[in-house]
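Participant: Based on what follows, work out the 3D shape:
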Amino acid sequence: MHLDRDSGRAVAGWAQAGARGKRAGRRALAIELLYDRGRLAVTPPAGCVPTIIAKHAMPLLPDPMAAIEAALAAPVDAPPLSALARGKRSACILICDITRPVPNGLFLPALVRTLLDAGVPREGITSLVATALHRAKEGAELAELVGDPWVIGQVRVVNHLAREDADHVHLGRTPRGTVVRLDRRLVEADLKIATGLVEPHFMAGWSGGRKVIAPGVAHAETITTFHNSEFMSHPRAANCVLDGNPLHEEQLAIVRMLGGALALNTVIDDHRRLAFVNFGEIVQSHLEAVAFVRQYAEVPVPRRFKTVVTSSAGYPLDKTYYQTVKGMVGPIDILEPGGDLIVVSACSEGMGSPHYVEAQRRLVELGPDGFWKSIEGKPHADIDEWQTQMQLKPMRVGRVRLYSEGLSGEEAGLTGVERIASVDTAIAESMARAGDPNVAFVPEGPYVVPVHAAEAR
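Facilitator: Below you'll find the predicted structure:
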């Protein structure tokens, strides 16, 4: 079977193609899963009937730079950026951290030039890395993140540090009672601009927009409140869900407390090419981007599978096991209870933060039920334990098995899942265990969310 990422419109059509190959006595060709900076070729075993679940063909912007300029000139629910910037003395541009392949190098030069041309002083422009509680980005990694040396030479590029009290301004409490403290550099800027990538997010529904502000540049107190077990366990805190999602609602409340902001939103295809860009008022522009990407990223599937093979979306998302959990949660709607979920993730940087390692250690020692009891009802989550909580979701549905070349033996023991040496062998074992040759493949991992047709939102 040949994997063509620019087709794959009918999921059932892929399964039929696999069945024809079996009847003809031909072994299926390799299926490529996003892995590290390339792709991991997986050869379905003899007798396998593969179903490849991929985005519908996504139209690409023929001239990305022209599209970016047009977005800045004709924003959603806002005047052109050149008009907004006139007479302003400061601007704060938020950029996502290294875990997301945001095309910063495409749009940051245009943003900065527009601000400078409108008269915003160079020394008044700050590009703030929205690290949330992740580590700071420095040196070559920061240069890779920004994506354009001219930008680094023109404006101040700094990291948000969530535990530095003096860096934050207290704005009050949300209606739910969350204490809101945001980075002073954003709060005090004349122009507040969030930038990012809009894609499925397993807690907040969709990434980008308001999420770049909170948790992106929120204080640790704020982040650990709306990442506590009550928020995380809410049934609407899920991929592709905004209505009734308590995290999304909290983020919108925080934007209102800030007094509003602007956003530049992007959508890319599985080859990291620009398919959509807009600019404007942060809430409405983000909803417009969500409406675009939803029709590609959310894929109805007419059945469930006893064997599902997926990825953690490759570099940079699969640098740590922490981010790998997103790949585990993504396809659980189509996993038969008790089935096998096989995930590939390079984990080139290991597990993640020391805080996350400690949460995983508790998971292994206490078991899923014991871990849940240890976090239930806490007003503030321990840092990064929310990711361990999210891992409970796939573990409660079926058996999770991990292929990774980046984890040491000790680290693998902290994942709480079974490590495998060969994806091909694991698929064959799962088919035999299930007595079912049908296997679902989700090559792009959490960037595609398969939804069982009966449960389509």
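Participant: Could you pick out the longest helix of the chain?
Facilitator: Ranked by number of residues, the top helix in the chain under DSSP state H is helix 354-375.
Participant: tell me what whatever helix or strand comes next after that one is packed against?
Facilitator: The helix or strand immediately downstream of helix 354-375 is helix 385-397, counting by DSSP states H and E. Helices and strands touching helix 385-397, by 3 or more CB pairs under 8 Å, 6 or more residues apart in numbering; DSSP states H and E, are helix 229-232, helix 321-329, strand 335-344, helix 354-375. Bear in mind the C-beta positions are built from the backbone N, C-alpha and C, glycine included.
Participant: returning to what we had before: which helices and strands sit right next to the longest helix of the chain?
Facilitator: Helix 354-375 is packed against helix 321-329, helix 385-397, with contacts defined by 3+ CB pairs under 8 Å, 6+ apart.
Participant: now, of the ones you listed, which is deepest in the fold?
Facilitator: helix 321-329 (a mean of 26; mean count of other CB atoms under 10 Å).
Participant: just the angle between that helix and strand 335-344, please?
Facilitator: Here the directions of helix 321-329 and strand 335-344 differ by 140 degrees (axes from the mean of the first three to the mean of the last three CA atoms, to 10 degrees).
Participant: Provide the contact partners of helix 321-329 at residue level.
Facilitator: 99, 201-202, 239, 310-313, 317-318, 341, 343, 345, 347, 350-353, 356, 360, 384, 387-388, 390-391, 393-394, 400, 402, 404, 407, 411, 415, 445-446 (CB atoms under 8 Å, 6 or more residues apart in numbering).
Participant: could you give the angle of that helix to helix 385-397?
Facilitator: Calculated by the same axes, to 10 degrees, helix 321-329 forms an angle of 30 degrees with helix 385-397.
Participant: With adjacent residues omitted, what lies nearest to residue 296?
Facilitator: residue 55 (4.4 Å; CB to CB, 6 or more residues apart in numbering).
Participant: quick one: that neighbour and residue 449, what's the gap?
Facilitator: Relative to residue 449, residue 55 is positioned 10 Å away (criterion: CB to CB, to the nearest Å).
Participant: Neighbour count: these two, which is higher?
Facilitator: residue 449 (26 against 21; other CB atoms under 10 Å).
Participant: Now do the same contact list for that one.
Facilitator: Contacts were defined as CB under 8 Å, 6+ apart; by that measure residue 449 touches 200, 239-240, 297-299, 330-331, 333.
Participant: In these, which residue is surrounded by the most others?
Facilitator: residue 331 (30 neighbours).
Participant: And the most centrally placed residue in the chain, what's its pLDDT?
Facilitator: Of all residues in the chain, the one closest to the mean position by CA atoms, centre = their mean is residue 201, 5.1 Å from it. As predicted, residue 201 sits at a pLDDT of 97.
Participant: who does it bridge with?
Facilitator: residue 205 (DSSP bridges).
Participant: quick one: contacts for the closest residue in space to residue 86 that isn't next to it in sequence?
Facilitator: Spatial nearest neighbour of residue 86, excluding adjacent residues (CB to CB, 6+ apart): residue 118 at 5.1 Å. Shown in contact with residue 118 (CB under 8 Å, 6+ apart): 81-83, 85-86, 88.
Participant: among the residues you listed, which are in helices?
Facilitator: Counting by DSSP H, the contacts of residue 118 contribute 81-83, 85 to helices.
Participant: Restricted to buried residues, select those residues in ChimeraX.
Facilitator: Selection of buried members from those for ChimeraX, criterion 16 or more other CB atoms under 10 Å:
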select :81,85
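Participant: which of the ones in helices among the contacts of residue 118 lies closest to residue 282?
Facilitator: residue 81 (13.3 Å; CB to CB).
Participant: nearest spatial neighbour of that closest one, skipping sequence neighbours?
Facilitator: residue 72 is the one closest to residue 81 (CB to CB, 6+ apart), at 4.6 Å.
Participant: thinking again about what came up before, and the pLDDT for the residue nearest to residue 296?
Facilitator: 90.
Participant: got it, and the one 3 residues further on?
Facilitator: At residue 58 the predicted local distance difference test score is 92.
Participant: How about residues contacting the helix or strand hosting residue 157?
Facilitator: With elements taken from DSSP H and E, the one containing residue 157 is strand 156-159. When contacts are defined by CB under 8 Å, 6+ apart, strand 156-159 is touched by residues 123, 125-129, 131, 136-138, 142, 146, 151, 185.
Participant: let's see it at 6 Å
Facilitator: For strand 156-159, contacts defined as CB atoms under 6 Å, 6 or more residues apart in numbering pick out 126-129, 131, 136.
Participant: filter the residues you listed to the buried ones?
Facilitator: Using 16+ other CB under 10 Å, the buried ones in these are 126-129, 131.
Participant: Tabulate the CA atom coordinates of the helix or strand containing residue 401 in PDB.
Facilitator: Using DSSP H and E, residue 401 falls within strand 399-403. The C-alpha coordinates for strand 399-403 follow below in PDB (Å, rounded to 0.1, in the frame of the first residue of the first chain):
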ATOM      1  CA  ARG A 399      -3.500  -1.700  26.400                       C
ATOM      2  CA  VAL A 400      -1.000   1.100  25.400                       C
ATOM      3  CA  ARG A 401       2.300  -0.100  23.800                       C
ATOM      4  CA  LEU A 402       5.200   2.300  23.000                       C
ATOM      5  CA  TYR A 403       8.000   2.200  20.400                       C
END
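Participant: Sounds good, over and out.
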